[in-house]
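> Provided below for reference: sequence and predicted model.
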Amino acid sequence: MLVYDISHGDSLTVTKQQVLEIFARNNNFITPDQIFWALQRRLDRRSVYSYLLRLKRQGLLETGAHVRRGHLAYRMTERGSARLRYLRSK
């Protein structure tokens, strides 16, 4: 994922493995803002939200059953766990 450092205008690369590792460390639902802070970079939050939606569309993440406006949270699916195992093996 290419994201932008809002303080310098530089682009940064965040890998799929980095994001999935955050989910692997926490076996619960995680909000996009928690991912944003876990990456410990000054990223454009919208990039993080968009990237998590893309991972959901790929079947690597799922949202909670009671998602409502302003309370979005994701967790890793079994397919996401399998992808992370694959990425770790490389």
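Arrived safely, thanks for sending. Fair warning: this is a prediction, and the values are worked out from it, not measured in the lab.

> Low-confidence bits of the protein, can you list those?
Under the criterion of pLDDT under 70, the regions of the chain flagged as low confidence span 1-12, 41-43, 65-70.

> What segments of it are strands?
Assigned strands in the chain, in chain order: 2-4, 11-13, 61-63, 74-76 (criterion: DSSP state E).

> what's the spacing between residue 79 and residue 64?
Relative to residue 64, residue 79 is positioned 17 Å away (criterion: Cβ to Cβ, to the nearest Å). From N, CA and C alone the C-beta is placed, and that goes for glycine too.

> Correction: the previous question concerned residue 76.
For residue 76, the distance to residue 64 under the criterion Cβ to Cβ works out to 13 Å.

> Now residue 17: closest residue in space that isn't a chain neighbour?
In space, and not counting its chain neighbours, residue 17 is closest to residue 87: 4.3 Å by Cβ to Cβ, 6 or more residues apart in numbering.

> Okay, that neighbour and residue 18: tell me how far apart.
Here the criterion is Cβ to Cβ. By it, residue 87 lies 10 Å from residue 18.

> what's the answer for residue 59, then?
Using Cβ to Cβ, we find residue 59 at a distance of 19 Å from residue 18.

> And residue 61, by the same measure?
When Cβ to Cβ is applied, the distance between residue 61 and residue 18 equals 14 Å.

> what's the answer for residue 35, then?
10 Å.

> between the two, who's got more neighbours?
Each of residue 35 and residue 18 had its neighbours counted (other Cβ atoms under 10 Å), and the higher figure belongs to residue 35 (22 against 14).

> That one and residue 48 touch, don't they?
Yes - A contact is recorded between residue 35 and residue 48 when judged using Cβ atoms under 8 Å, the distance being 5.7 Å.

> follow-up on the earlier one: separation between the residue nearest to residue 17 and residue 77?
Computed with Cβ to Cβ, the distance linking residue 87 and residue 77 is 15 Å.

> out of the two, which sits in the busier spot?
When residue 87 and residue 77 are compared for neighbours, residue 77 comes out ahead with 17 against 14, by other Cβ under 10 Å.

> Alright, that wraps it up for me.
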